[in-house]
Structure formats: C-alpha cells, structure tokens
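S.K.: How does the following fold in three dimensions:
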Amino acid sequence: MKRIYISLPISGYDLDERKLCAICAEKQIADRYPNPLQVITPFTVCPDSDKPYSYLMGKDIEALLECDIVCFCEGWQKSDGCMLEFAAAKIYKKEIRFV
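M.R.: Numbering: from 1, shown residues only. Model prediction:
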C-alpha cells in the first residue's frame, strides 16, 4: 500500500478549519486515486499541536520521507512549512501531486 502525505498551510489559520481542509483533501484523494492509499496529514503525525513549531515541522518532514507521494493543497506556495516540505519532496524524488 502506498503512503501519501498531505501538505497544507497551517500557521496563521484557524486550526479547526485546517483540520477540516485536511479531511476534505483526504476525500478528494480517495475519489481521484482508487488504489488503496494510506493518507498521512500533519494532524495525524502530531495531534498535540502545542509543541514548538520546530518539533512539529521535524515530525512532518520525518513522516513525508516515509511516504511515496506528497500532495500539496491550495496555498502551499505561501507557506514556509509547505515550501520546506516541497523542497524535501523534490530532493528525495517523491512523487508530487496537487489537490
């Protein structure tokens, strides 16, 4: 089973709204890609969001590197965290998709 990491802007947004955005992206991925995929989001990686930003990003990058595919949500180009994830995905030659 392939694993897909969803990258989405979080900092500066309402956390509950971002969680809903991640759920919506999971549904879009399930509709587009019928093969079984394990979907990983920043919220599944670190449900405890009161940790320091550096800790959260470190865990996100660790999870991304364990995935086969990285999917970027709208607005990713304006997010430092997503840009870091994009760079890691390119460096490690992950399959990149956009939703």
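
S.K.: all helices for the chain, in order.
M.R.: Ranges of helices in the chain, per DSSP state H, are 15-32, 42-45, 53-65, 80-91.

S.K.: Report all helices and strands that the longest strand seen in the chain contacts.
M.R.: In the chain, with assignment by DSSP state E, the single longest strand is strand 2-7. Here strand 2-7 touches helix 15-32, strand 37-40, helix 53-65, strand 69-72, helix 80-91, going by 3 or more CB pairs under 8 Å, 6 or more residues apart in numbering; DSSP states H and E. Where C-beta positions appear, they are placed from N, C-alpha and C, glycine not excepted.

S.K.: So for that strand, what gets flagged as buried?
M.R.: Neighbour-count burial for strand 2-7, counted by 16 or more other CB atoms under 10 Å, picks out I4, Y5, I6, S7.

S.K.: Would you agree A88 is in contact with L64?
M.R.: Yes. A88 is in contact with L64 according to CB atoms under 8 Å; the separation is 5.9 Å.

S.K.: Give me the common contacts of these two.
M.R.: K94 (CB atoms under 8 Å, 6 or more residues apart in numbering).
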